[in-house]
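A.B. asks: I'd like to go over a predicted model; first the sequence, then the structure.
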Amino acid sequence: MKISSSTRRRSTAPYLFIAPAVLLFGAFLALPIGYAVYLSLRTVKVRGLGLGKGSREQVWAGLSNYSKAVTDPDFAASVLRVAAYGVLVVPAMLGLALLFALLLDTPRARARRFSRLAIFLPYAVPAVISSLLWGFLYLPSVSPLYFVSDRLGWDLPNALSSGSVIYSVANIAVWGGVGFNMVVIYTALKAIPTDIYEAAKLDGCSELAIAWRIKVPVVLPSLIMTFVFSLIATLQVFAEPVTLRPLTNTISSTWTPLMKVYRDAFTRDDLNSAAATSVIIAVATFVLSFGFLRLVQNRAFSQEN
Amino acid sequence: MTTTLSAPTTRPSESIVRRRGRKVGSSPVSTAILLIGAAYCLLPVLWVLIASSKSGTELFSTFTFAPSSHLFDNIADLTAYRGGLFWRWMANTALYAGVGGVLSTVVSAAAGYGLAKYSFSGKQSIFNVLLAGVLVPSVVLAVPQYLLLAKLGLTNTYWAVLLPSIISPYGIYLARIYAAAAVPDDVVEAARTDGAGDFRIFRSIASPLMAPGLVTVFLFQFVAIWNNFLLPYIMLGNDKLFPLTVGLSGLLNQGAAQPSLYTSVITGSLLSILPLLALFLTLQRYWKVDLAAGAVKS
């Protein structure tokens, strides 16, 4: 993939091609990360009543913001909540995405074009809007689900009560993500040459065995990639609970770690704590994603040179 | 699958699969599962379509799936809300997603091409650093991005949402794969022999070859910006600059105290998803372009 590297070694062209990306990356990714780390190590010291010029100054705080964040019961609760939410969302979303992708790849299924489009459709709906729509569907007074269960004499629990709200939020995420992941897996399935299946058929493999023994292993790299992306998205859940908040009082302002960061930074004006919490979330994301990628031997994100 | 056809070396086209499908008969279970999935995904969209035709009182008093005739009244109410603020949100969203998406695609294409078609020192480390950016959660960026832009006096302006949206590590990653796959080295070499400069080659030869892939990068970024909530939520205080997501979320918030706004929220939700649905249906085929190209290769 190299173009006459010997003669063009001194060309500035490649640097000019990547310069805009590198500059923007530096300004909007690297610099903010550095700044967040810096802020997380500082604290505001208030003298007297904190009024007047010079009464508030930034001083080094060491790791005190971190210890404050880690020991904050609100933070621990939000982390546990998001862990439970992730355990609900990721397997359900990817499991359904894989199931639908495999079914789309089966010539024996009907209505495939329609289903593919319908299942992919939620990807076009912003998380805020889908939370809005589901929020109304969760309200017993307007929801068709409650109407039907009422007629059937069932007693559905309130979807937004404290016990079930996590399932309700998880459902929105699954609804919004299943189609996109399905397309990614389906695309990978399409890349498999069919003669493999023919050979397997001749060897007496059933459709199910082909799916399990050939298709799933082949799309494993795609599954790994979708898994990592889902994990990152899960740790950042924000729009759905924030949108649902007006409809219920079971979602606190620190319901997820990101909501806590927002509250600390913009409601409490405690940027240093917010920065420390963000850094913790970022490190956790990195450790989880890289750790997982390592575990599966970097099968996803492989490069071709 | 049937054994009557000779084994093709490449994947048969959709129509052949369908023809073969008819020969082997259908599987009602598979079809049923797919249709249940489709129904689940269509339910909220169907609901908003019907709910936005209802008046405020009908919303809470009539059967959910019974349509009414107030759609145009509701649109008129929504339009009247604070002098057409909703349409301004719509225009803002189109601006953020459209301009941001185009700029992001151009930047990604150039970077992807540079990384795929040249060898230069530091190339691998630059690529690795850019790639690591895919894993950076936006949360860690949000607060310091806000502070940095505040220092420059850019918060609460269009720039605050546009500028951070241009850089897309995933877009660069995809563009690099498309450049490597779609632009043959000898074509570039031939153009060079004919005396074309590096930028001319990129603009007139490489870009058209990468075009189908770049449409995917654009769509990907367009949807990501259109759907974005956190960044504009943090950056903007003036509701005239809001995109739809932040605007409608705020409207729902007010609706909790003033339920008459609920019909406007619902109608606004319907109107806000229509443009993206239209975009999806018209550009459907581009989603078949290898979204996960890199992941499939290994």
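C.D. replies: On my side now, so go ahead. Residues are numbered from 1 along each chain as shown, chains lettered A, B, ... in the order given.
A.B. asks: Neighbours of residue B:162, how many?
C.D. replies: Residue B:162 is flanked by 17 other residues according to other Cβ atoms under 10 Å in any protein chain shown. Just so you know, the C-beta spots here come from the backbone N, C-alpha and C atoms, and that holds for glycine as well.
A.B. asks: from what I can see it touches residue B:97, true?
C.D. replies: No - counting by Cβ atoms under 8 Å, residue B:162 stays clear of residue B:97, with 10.0 Å between them.
A.B. asks: what residue is smack in the middle of chain A?
C.D. replies: The centroid of chain A falls nearest to residue A:233 when counting by Cα atoms, centre = their mean (1.0 Å).
A.B. asks: Mind listing what's buried along the lowest-mean-pLDDT helix or strand in chain A?
C.D. replies: Ranked by mean pLDDT, DSSP states H and E, the weakest helix or strand in chain A is helix A:144-151, scoring a mean of 76. For helix A:144-151, the buried set under the neighbour-count rule, 16 or more other Cβ atoms under 10 Å in any protein chain shown, comprises A:144, A:146.
A.B. asks: any idea how far residue A:43 lies from chain B?
C.D. replies: Separation of residue A:43 from chain B (Cβ to the nearest Cβ, to the nearest Å): 15 Å.
A.B. asks: That residue: what's it in contact with?
C.D. replies: Taking Cβ atoms under 8 Å, 6 or more residues apart in numbering or on different chains, we find residue A:43 in contact with A:58, A:59, A:60, A:61, A:64, A:65, A:272.
A.B. asks: Any regions of the chain where pLDDT drops low?
C.D. replies: Defaulting to chain A. Within chain A, the stretches with pLDDT under 70 are A:1-10, A:47-55, A:297-305.
A.B. asks: Correction: the question concerned chain B.
C.D. replies: For chain B (pLDDT under 70), the answer is B:1-25, B:287-298.
A.B. asks: Recalculate using a threshold of 80.
C.D. replies: Per-residue confidence of chain B (counting by pLDDT under 80) places the weak regions at B:1-26, B:57, B:59-66, B:135, B:137-140, B:255-260, B:283-298.
A.B. asks: Tell me which residue is most central in it.
C.D. replies: Central residue of chain B (Cα atoms, centre = their mean): residue B:223, at 1.6 Å.
A.B. asks: anything in the least confident helix or strand of chain A sitting right up against chain B?
C.D. replies: Yes - on the criterion Cβ under 8 Å from any Cβ of the partner chain, helix A:144-151 is in touch with chain B at A:144, A:147.
A.B. asks: need the helices for chain A, in chain order.
C.D. replies: A:13-25, A:31-40, A:64-71, A:73-104, A:112-120, A:127-138, A:144-151, A:165-190, A:195-202, A:207-210, A:216-235, A:239-244, A:257-262, A:271-295 (DSSP state H).
A.B. asks: How far off centre is the fourth one?
C.D. replies: When distances are taken as Cα atoms, centre = their mean, to the nearest Å, helix A:73-104 is centred 9 Å away from the chain's centroid.
A.B. asks: other SSEs contacting it?
C.D. replies: helix A:112-120, helix A:165-190, helix A:216-235, helix A:257-262, helix B:28-51 (3 or more Cβ pairs under 8 Å, 6 or more residues apart in numbering or on different chains; DSSP states H and E).
A.B. asks: closest to residue B:166 out of the ones you listed?
C.D. replies: Nearest of those to residue B:166, taken as Cβ to Cβ: helix A:216-235 at 20.2 Å.
A.B. asks: Now that closest one: buried residues?
C.D. replies: By 16+ other Cβ under 10 Å, the buried positions in helix A:216-235 come out as A:219-235.
A.B. asks: the inter-axis angle of that helix versus helix A:73-104?
C.D. replies: 150 degrees (axes from the mean of the first three to the mean of the last three Cα atoms, to 10 degrees).
A.B. asks: Pick out the residue of the stretch 51-200 of chain B closest to chain A.
C.D. replies: residue B:114 (2.9 Å; Cβ to the nearest Cβ).
A.B. asks: can you pull the contacts of that residue?
C.D. replies: If you count contacts by Cβ under 8 Å, 6+ apart, residue B:114 has them with A:13, A:14, A:15, A:16, A:17, A:18.
A.B. asks: my guess is the residue nearest to the centre of chain B is in a helix, correct?
C.D. replies: Yes - counting by DSSP: H, G, I helix; E, B strand; the rest coil, residue B:223 is part of a helix.
A.B. asks: That one against residue A:123, yeah?
C.D. replies: Yes - the pair residue B:223 / residue A:123 is scored as a contact, 7.0 Å apart, by Cβ under 8 Å.
A.B. asks: and the residue of chain A found nearest chain B, how far is that from residue B:192?
C.D. replies: Residue nearest to chain B within chain A (Cβ to the nearest Cβ): residue A:17, separated by 2.9 Å. Residue A:17 sits 15 Å away from residue B:192, going by Cβ to Cβ, to the nearest Å.
A.B. asks: Show me which of these two is the more surrounded one.
C.D. replies: Taking other Cβ under 10 Å, residue A:17 and residue B:192 do not tie; residue A:17 has more neighbours (25 against 18).
A.B. asks: check which helix or strand covers the closest residue to the more buried one other than its chain neighbours.
C.D. replies: Among residues not flanking residue A:17 along the chain, residue B:114 sits closest, at 2.9 Å (Cβ to Cβ, 6 or more residues apart in numbering or on different chains). In the assignment (DSSP states H and E), residue B:114 maps to helix B:85-117.
A.B. asks: Next, the buried residues of that helix.
C.D. replies: For helix B:85-117, burial by neighbour count (16+ other Cβ under 10 Å) applies to B:85-86, B:88-90, B:92-93, B:95-97, B:100-101, B:103-117.
A.B. asks: quick one: it to helix A:13-25, angle?
C.D. replies: Using the same axes, to 10 degrees: helix B:85-117 against helix A:13-25 is 140 degrees.
A.B. asks: Distance from the chain centre to helix B:85-117, please.
C.D. replies: 10 Å.
A.B. asks: for the contacts of residue A:43, which one is nearest residue B:167?
C.D. replies: Using Cβ to Cβ, the contacts of residue A:43 come closest to residue B:167 at residue A:272, 26.1 Å.
A.B. asks: surely that closest one meets residue A:40?
C.D. replies: Yes - with contacts counted by Cβ under 8 Å, residue A:272 reaches residue A:40, the gap being 6.4 Å.
A.B. asks: Residues that sit against both of those two, list them.
C.D. replies: With Cβ under 8 Å, 6+ apart as the test, residue A:272 and residue A:40 both reach residue A:65.
A.B. asks: So between these two, which is more surrounded?
C.D. replies: The neighbour comparison of residue A:272 against residue A:40 (other Cβ under 10 Å) goes to residue A:40, with 26 against 22.
A.B. asks: ok, now which ones touch the more buried one?
C.D. replies: Neighbouring residues of residue A:40 by Cβ under 8 Å, 6+ apart: A:65, A:66, A:272, A:275, A:276, A:278, A:279.
A.B. asks: Close to chain B as well: tell me which of those qualify.
C.D. replies: A:275, A:278, A:279.
A.B. asks: I'd like to know how many residues surround the first one.
C.D. replies: Read that as residue A:275. The tally of other residues near residue A:275 (other Cβ under 10 Å) stands at 27.
A.B. asks: how close does it get to residue A:95?
C.D. replies: Noted for residue A:275: a distance of 36 Å to residue A:95, by Cβ to Cβ.
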